[in-house]
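Novice: what follows is a predicted structure for the sequence shown.
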Protein chains: 2
Amino acid sequence: MELKRATEGEKGFEKVFAFLRERLLAGSLKPGDRLISERELATLLGVSRPIVREALRALTVLGIVEIRDRIGTVVTRPDVSVLNDFFTFALAQQADMLDDVMQARVAIECQAIRLACERANIADFERLQRALVKIGETIDEADAGGMADFDFHRAIVVASHSETLTVLHGSLAGLLTHSHRSRRELVQAFPSMKTYLIDDHRRIFEAVIARDPERADATLRKHFAIGDEYRRRAIVGDIDKTSASG
Amino acid sequence: MELKRATEGEKGFEKVFAFLRERLLAGSLKPGDRLISERELATLLGVSRPIVREALRALTVLGIVEIRDRIGTVVTRPDVSVLNDFFTFALAQQADMLDDVMQARVAIECQAIRLACERANIADFERLQRALVKIGETIDEADAGGMADFDFHRAIVVASHSETLTVLHGSLAGLLTHSHRSRRELVQAFPSMKTYLIDDHRRIFEAVIARDPERADATLRKHFAIGDEYRRRAIVGDIDKTSASG
DNA sequence: GGTCTGATCTTGGTCAGACCAGTATGCTGA
DNA sequence: TCAGCATACTGGTCTGACCAAGATCAGACC
């Protein structure tokens, strides 16, 4: 029982976690690598297997490793889902955060569009254009329209070629999915929404094509502001046609 | 169907995790609540204690609960540290992400400063001013200067009164700490850095005081751009005095 | 009666060993 | 040489146990 001094200080879980983190951060454990078996790890660090499992499980929910049944534990590439999980829990306990999350989304997208103006390539432009066309085509559809809208904004972020922005946007946007879908009622309530949606996105697209960061940012920002305004008006009671659907 | 008794199909860990997630998301488990003991949870769900511990540990690294030795497990308010952990790992495996993370930070701060212009109160102004003064006082100090710089930017984000932005900024900024500290060498190398640091921050401060979002955003953005420029120049080789320190 | 103290209960922290169910591999027999 | 089965692995889980220390409550003391 005195064997535990193998890696000193920490107790159990921390020891294993620290051990693995070290290798992960140092790079001696890279994505794709397979870890040694739980049993080996346990004896190596002088802890029991359940403890090793705790550590591995912790790394799993962090999206760092993947435990494959009867195969082994392998290092994976950090994945967005972690952030999603986190934000999901975080929001569940603070529902009023939704509006707040929107602010973060605006932040990400506005920065992304600036980068997009610099870095976007033909493929990005084409993706944006496709999304733009789709928005026009699905202007009267509920889910399809929302999805087209999302795709457009997503395309902007992707065009920024920034992994971090893309990741953050992905997790934030996921939370706002329903918010996006409520676009449906808005469109039904305000016919002017249609031209707003189409024209605004077109202007945004053009600004990116023109590679004009300032204009793109400003236009996108205005776009969000107008959307906010519509939403606000809808809440105030300017709307009464939404009672039809459940 | 799946939400109801989701606690039946899954095996072990998933069962416990799903069980707890349900309560967490439904709100029947709120921050501050104490969970039932591990043993009870185990018998309740028909699994062994080690499995329960895995689930609890998973929630712990997600920052959802906190396991207190010999006290029990309590629900906590989601914490930033999760994101920190994640980004730390993510960055370790993709070091080139650092520059990318900076983009996200710029995104957050620029949005935050806009909100700050609208929402900042006297206390926020005072905090900003204190930070500004500190920057002037510590202009020649290494760590203290970096910290003052950080505090100032932090104060901006706090003044936005946006929980989400604050959380995101916290996790991102943490990663860029060393980057911040490298300010030290830059100051030594470029005397002009001093006036840049002081004047820029003052201008930013004034824009917030004036509650002018556009100007604040633009000024802050320019501030970052200039910082980038200095860093770029330092890399290029315009600098040779840094060999003194390790 | 009220307060202090200590035994006991409870809680998390951990361990050891065991069994299951598939995978991977190697050895054996065709 | 190659197919097939035994076996040694892997993760997945359970059982029962021990430890240390906070929480609790009864009994002793003031």
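Specialist: Perfect, thanks for sending it. All figures in this text were calculated on a predicted structure; none of them were measured in a lab. Residues are numbered from 1 along each chain as shown, chains lettered A, B, ... in the order given.
Novice: per-domain residue ranges of chain A.
Specialist: A:2-75, A:82-239 (automatic domain parsing).
Novice: from those domains, which stretch is densest packed?
Specialist: domain A:82-239 (a mean of 18; mean count of other CB atoms under 10 Å in any protein chain shown). Every C-beta, even on glycine, is put in place using the N, C-alpha and C of the backbone.
Novice: returning to what we had before: tabulate the domains of chain A (a markdown table), appending mean pLDDT.
Specialist: Output for the domains of chain A, formatted as a markdown table (pLDDT from 0 to 100):
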| stretch | mean pLDDT |
| --- | --- |
| domain A:2-75 | 84 |
| domain A:82-239 | 85 |
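Novice: can I get these in CSV with distance to residue B:187?
Specialist: CSV is the format used below for the domains of chain A (distance: least, CB to CB, whole Å):
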stretch, distance to residue B:187
domain A:2-75, 29
domain A:82-239, 27
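Novice: for chain A, what lies in contact range of DNA strand D?
Specialist: By CB under 7 Å from any atom of the strand, the residues of chain A that approach DNA strand D are A:35-40, A:49-50, A:53, A:67-73.
Novice: one step back: now for the domains of chain A, which one comes closest to residue B:111?
Specialist: For residue B:111, the closest of the domains of chain A is domain A:82-239, at 3.2 Å, according to CB to CB.
Novice: ok, the closest one near chain B or not?
Specialist: Yes - for domain A:82-239 and chain B, the contact criterion (CB under 8 Å from any CB of the partner chain) is met by A:82-83, A:85-86, A:88-90, A:92-94, A:97, A:100-101, A:103-104, A:106-108, A:110-112, A:115, A:160, A:162-165, A:168.
Novice: for the helix or strand containing residue A:82, which helices and strands make contact with it?
Specialist: Assigning secondary structure by DSSP states H and E places residue A:82 in helix A:81-92. Counting contacts by 3 or more CB pairs under 8 Å, 6 or more residues apart in numbering or on different chains; DSSP states H and E, helix A:81-92 is packed against helix A:98-119, helix A:163-175, helix B:13-26, helix B:81-93.
Novice: and for it, what's in contact with it?
Specialist: With CB atoms under 8 Å, 6 or more residues apart in numbering or on different chains as the test, helix A:81-92 has contacts from A:61-63, A:97-98, A:101, A:167-168, A:170-172, A:174-175, B:21, B:24-27, B:62-64, B:78, B:82-83, B:86, B:167.
Novice: phi, psi for whatever residue of chain A ends up closest to DNA strand C please.
Specialist: Closest residue of chain A to DNA strand C, CB to the nearest atom of the strand: residue A:12 (2.3 Å). Main-chain dihedrals, residue A:12, degrees, to the nearest 10: phi 50, psi -110.
Novice: tell me which residues touch it, please.
Specialist: A:47, A:51, A:54.
Novice: can you do 7 Å?
Specialist: If a contact means CB atoms under 7 Å, 6 or more residues apart in numbering or on different chains, then residue A:12 has A:47, A:51 as its contacts.
Novice: the strands in chain A, which residues?
Specialist: Remark: strands assigned in chain A by DSSP state E are A:65-68, A:72-75.
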